[in-house]
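Chemist: Build the 3D model from these lines:
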Amino acid sequence: MSADCPGPQGATEGRPPVTEHAPVSCTLARTFRVHRMIAARLLRDLGLYPGQEFLMMRLWEGGPARQSELIKEMGLDPSTMTKMLQRLEQAGHVRRSPDPADRRAVLVEPTEESEQLRTQVAGAWATLEEVTLKNLDPDERATLERLLTRVEEGLCEEGTSDCPPEVC
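Modeler: Residues are numbered from 1 along each chain as shown. Below is the predicted model of the structure:
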């Protein structure tokens, strides 16, 4: 729990003045942090670091892509992407090769061996979904998804270049 945004109880008393006018943003930040910690633990069990699953999802669904395209699509720094791809390549999940259309460019593709990982990532996400929504009934789950989608749309209207690619 953050000192800036205490308690999952939702009580506003005791909140620092800096967050008193941002209760939803504060709650979203807390929720995101805990969600990411649980996701990281589930991914670690698969030998992945957070964020690598999104890159793999992109490659599984979209097929091979130039490394430079992936950097733009994923909104990552080139050095971060390089490190991520090195780790995934060492684990046997991706293959990098010169692009036949432009030998200076690097083409990235998922390996056949990564198909097993695909199933494991889907399982980890299913577990994450259940843990995340365990206190909600089906109607509340649908309402939460609808409301979060509207929040995301509103945020993206503010700065489309900051919006992540659709991977889910």
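
Chemist: what's the longest strand in the chain?
Modeler: In the chain, assigned by DSSP state E, the strand with the most residues is strand 102-110.

Chemist: so what strands line up beside that strand?
Modeler: Sheet pairing here is set by DSSP bridges, and for strand 102-110 it gives strand 65-66 (antiparallel), strand 94-99 (antiparallel).

Chemist: Pull the distance from that strand to the chain's centre.
Modeler: Distance of strand 102-110 from the chain centroid (CA atoms, centre = their mean, to the nearest Å) equals 24 Å.

Chemist: Report the buried residues of it.
Modeler: Within strand 102-110, the residues that count as buried by 16 or more other CB atoms under 10 Å are 106-108, 110. C-betas here are computed from N, CA, C, even on glycine.

Chemist: The very next helix or strand once past it packs against which elements?
Modeler: Following strand 102-110 in sequence order, the next helix or strand is helix 114-133 (DSSP states H and E). The helices and strands touching helix 114-133, judged by 3 or more CB pairs under 8 Å, 6 or more residues apart in numbering; DSSP states H and E, are helix 23-44, helix 52-62.

Chemist: With mean pLDDT as new columns, can those helices be given to me in TSV?
Modeler: Shown next, in TSV, are these (pLDDT from 0 to 100):
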stretch	mean pLDDT
helix 23-44	93
helix 52-62	96
